[in-house]
Structures are given as structure tokens and as C-alpha cells.
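**Q** coordinates only, no sequence provided:
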């Protein structure tokens, strides 16, 4: 069979950060690895290629698989219709995060199969049955939908991460130099764990594993790392540091293997605060950058989202990371309820943190998260194109134009000029023009956001 796996681009109205980070479609590389080797499988990354019709006509696939976060829902529906308009006989399969938390959003005449949960082994079975002309409805966990589609939910199947094959990175060979995060380029991604013990109100990821933290054996991770050509490696985990003993052993194995990689991973501030020795060990084996979801700088705000950490942890974690001379990617949230004084106080607090980089997002009620259920009656838009973490989905205290002006000021004025220059020094000289262009485009998008609300 000819199988085309598609990574969609963000919709036109969504604000994206592709000018600063673009990660490989690891989920599709896993799907491809699970399929029998006698099939002709291709991966199409529409973030980097735009002519979907031409690819369909050239390759003439028997099956097209698409993945989607919430922001991609409308895009994936349109792509599915495009596929069926070209050839109604092509089987369309949709999976990914949104299909797992809200599968019926993909119940359309243009989508044949909706996969809920980990899709590698389900997709393998779908391909096997199609090849042998067997009914998909007989797959364990399959349920027919009104329009003739099949939804497949096998529950906790796929929770053994060590059972997965290594992803087919060869299928993204044409794109690999384009995957990056800021100065870390080209950048590979690897999954070493899934899930989280914590119950943050704004996050649905912990629900996908029933609140469990699933991990891979360190030996398998090192084996996979040894096959990765890129110098820079991003750990595509929900949280990389939760199992301290595992990460300690993984650092030991990386050191013994002599791997000369530069790592980028996510760590909670409370974990960093409790285990500075772990970060010190990782620094010695190549850790270069840490993503820290600070979320808020005040305890009341942190409690309101059930973060399970404290403002003191945030400050201490930043101090530890600075002391180790690790690059820090801290993220903070802005509440739609913020007034001018809230923005001013946050901007002053950020300046006091003395950081080369700080990221901001608007608190977003994602489908599947407890926050969504709590506020869904107050949503001002049901357009999935706006689920980009920058469009507000809740009423703002400030007029919408003023809200986005203040948010723009946060991005522009939350770091001193000295720190902005420190951040830029991480880049190669030839990359600075593209950084300046990307930042200019990003800010222009922000300034145009009020138009999406009719302002």
C-alpha cells in the first residue's frame, strides 16, 4: 500500500512561533515505524511544503493519515475533504491529541477512521486489515459512527513505551535541517517518557495516561540517541525530570556511551529546586537548555490552576539554572482578567528576574482539561483556529485592543537591552537576520489580533 502521513500547518489566523521553533513530526515517524516494511510510506510536512494537491496527485496514496492538535481541527477537516475530492477511494485516518480528547469533532463524511489514544499499533492493524480487505469495525475497540466512519479506542493499549519501534527519522530526511529551536539547529526530537503525576487544571496530558508517569528504559533511550545524527536533541516529554532515579541513570549511561549531544528538556521548578544535583550531572553530559513552565509568579495564581508548585520554587529554580549557566526557556501565563496594573506589575517582575528570554501565553481552556469544563459557558469563540495560546477565548477585563497592546509590551519590554543582546549572542551571526524578521512578523501578528474579534 501507498501510505501518506501528513503533518498539517497551523491555520492562517493562528499565531504561531514557527520562526523560533519547529519540531520534527515525531508522532508520524512512530506511525511509519509501526507499519510493515513492504509498504511505501511517506511523510509530508505541510509546515515546510505547501502544495498538498500536487503531492496527492504525484504519490497517489491508498491511505492518508493526519495528526491534529486542537488548533489543527478545522485544517485537518479541510485537508480530508481535499483528499476525498481528488479520490473518494483514499482512506483517511485522523489521530493525535485532539482526536483522543474530542474524537467526535472529526465525525465528517471525509474521515473514515478516528484513532483515540496511542496510534502506532492501531494504525498498523488498520493498514493490515485494509490490505487484506477485512472489516475495520472488527478491530478491538472499534465503534461505528453515524456517517459510516469508525472510531477506534483501545484504552490503555500503548502504555508500554518500550514496546514501540524507533521512529522512522529517515522519512523526514528532506526536512531535518529545518527542525530547530532558536539557536539549536538542526534539532532532533526523542520521547523518553509520557504523562505526569500532577493535575494542573489547564492541562489534559495527565489524563491521557490516567495520571501515571510512563517511562522508557534508559538503555533504549541511549541506543536511540546513538542513532541520531543531529548534535542538538529535544526531549519531547510532558515532563522529563519527574523520575529522578531514572534520569540519574540515563545521565550516567549517556556519559559512558560518550555521546556528544546538546540537550533541551522540560523540568518543573519544584523538581529542579529539590534536585539541583541532577541538573548539575546533566550539565556535564550535555544539557544546554531547560524549559520551565513557571506559569505565574504568585502563589494564589499557582493554586488557582493546581500547579502544585510555589512562587518560591520558581525563584529558586531560576537561581539554580543560572548558577549552572544553563539556558532557560521560562513560560508565563497571562490571564484574560488582567488589568493594566497586572500587566505593569508582571513586566516589572520579569525585569527583576534578569533573564535573556521570557515567553508568554494567554491562559487557554483546552478541550479535555478541567479548566475547559469549568469555563466553557463563558467562551467567546468556538473557532478551533483560535486555540493557539495567544488568542483569548475568554472575555478580557481590558478592551481587546488594549489587552493585546499590553501583551505586546510584555514581549517587547520584559527584558533589558543587555539581556536581549545576551539572547542574540547564542545565534550564529548569519542567523540573526532571520531572528529579527521572525520577531517582527510575530509582533505584527499580535497587533492584528483585535481584528479577529471584530475590533
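**A** Arrived safely, thanks for sending. In this text the structure is predicted, and so the values were computed from the model without any measurement. Numbers count the residues shown, from 1 in each chain.
**Q** contacts for the lengthiest helix in the chain next, please.
**A** Within the chain, and with DSSP state H defining each element, the longest helix by residue count is helix 432-448. The list of residues contacting helix 432-448 from outside it, by Cβ atoms under 8 Å, 6 or more residues apart in numbering, reads 15, 17, 19-20, 390, 404, 407-408, 411-412, 424, 427. Glycine gets a C-beta too; all of them are placed from N, C-alpha and C.
**Q** rerun that using 10 Å as the cut-off
**A** By Cβ atoms under 10 Å, 6 or more residues apart in numbering, the list of residues contacting helix 432-448 from outside reads 13-20, 182-183, 388, 390, 401, 404-405, 407-408, 410-412, 420, 423-427.
**Q** which of the helices or strands spans the closest residue to residue 363 other than its chain neighbours?
**A** Excluding the flanking residues, the one nearest residue 363 by Cβ to Cβ, 6 or more residues apart in numbering is residue 333, at 4.7 Å. Residue 333 is located in strand 327-334, with elements delineated by DSSP states H and E.
**Q** any idea of the angle whichever helix or strand comes after that strand forms with strand 327-334?
**A** Next along the chain after strand 327-334, taking DSSP H and E as the criterion, comes helix 340-353. Inter-element angle recorded for helix 340-353 and strand 327-334: 170 degrees (by axes from the mean of the first three to the mean of the last three Cα atoms, to 10 degrees).
**Q** direction included, what does the helix or strand following helix 340-353 pair up with?
**A** Per DSSP H and E, the first helix or strand lying C-terminal to helix 340-353 is strand 359-362. Partner strands for strand 359-362, per DSSP bridges, with pairing direction: strand 327-334 (parallel).
**Q** quick one, phi/psi of the closest residue to residue 379 other than its chain neighbours?
**A** Among residues not flanking residue 379 along the chain, residue 393 sits closest, at 5.3 Å (Cβ to Cβ, 6+ apart). Taking degrees, to the nearest 10, you get phi -110, psi 0 for the backbone angles of residue 393.
**Q** would you confirm that residue 393 contacts residue 361?
**A** No - between residue 393 and residue 361 there is no contact, the gap being 12.0 Å when judged by Cβ atoms under 10 Å.
**Q** more neighbours, the two?
**A** residue 393 (22 against 18; other Cβ atoms under 10 Å).
**Q** show me the contacts for that one.
**A** For residue 393, the contact set (Cβ under 10 Å, 6+ apart) comprises 336, 362-366, 372, 375-376, 378-383, 386-387.
**Q** go again with 8 Å.
**A** Contacts of residue 393 were listed using Cβ under 8 Å, 6+ apart, and they are 336, 364-365, 379-381, 386-387.
**Q** and residue 46, how many neighbours does it have?
**A** By the other Cβ under 10 Å criterion, the neighbourhood of residue 46 contains 18 residues.
**Q** actually, residue 392.
**A** One way to gauge burial is a neighbour count; for residue 392, by other Cβ under 10 Å, it gives 23.
**Q** tell me the contacts of it?
**A** With Cβ under 8 Å, 6+ apart, residue 392 has these contacts: 336, 362, 380, 400, 403.
**Q** give me that answer again for 7 Å
**A** With Cβ atoms under 7 Å, 6 or more residues apart in numbering as the criterion, the residues that contact residue 392 are 336, 362, 403.
**Q** make CSV out of those and add distance to residue 8, neighbour count and pLDDT.
**A** Formatted as CSV, those follow (distance: Cβ to Cβ, whole Å; neighbours: other Cβ atoms under 10 Å; pLDDT from 0 to 100):
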residue, distance to residue 8, neighbour count, pLDDT
336, 27, 19, 97
362, 22, 22, 98
403, 29, 24, 97
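**Q** closest to residue 249 among the residues you listed?
**A** Sorting those by how near they are to residue 249, with Cβ to Cβ, puts residue 362 at the top with 38.6 Å.
**Q** that closest one contacts residue 334, doesn't it?
**A** Yes - using Cβ atoms under 7 Å, residue 362 makes contact with residue 334 at a distance of 5.3 Å.
**Q** verify the stated contact: residue 96 with residue 68.
**A** Yes - here residue 96 reaches residue 68: they are 4.6 Å apart, a contact under Cβ under 7 Å.
**Q** before we move on, back to that, buried ones in the strand holding residue 333?
**A** By neighbour count, and taking 16 or more other Cβ atoms under 10 Å as the criterion, the buried residues in strand 327-334 are 327-330, 332-334.
**Q** cool, stretch 97-110 as well?
**A** By neighbour count, and taking 16+ other Cβ under 10 Å as the criterion, the buried residues in stretch 97-110 are 97-103, 105-106, 108, 110.
**Q** and for stretch 29-36?
**A** Buried residues in stretch 29-36 (16+ other Cβ under 10 Å): 29-35.
**Q** quick check: closest non-adjacent residue to residue 203.
**A** Going by Cβ to Cβ, 6+ apart, residue 203 has residue 369 as its nearest residue, at 5.8 Å.
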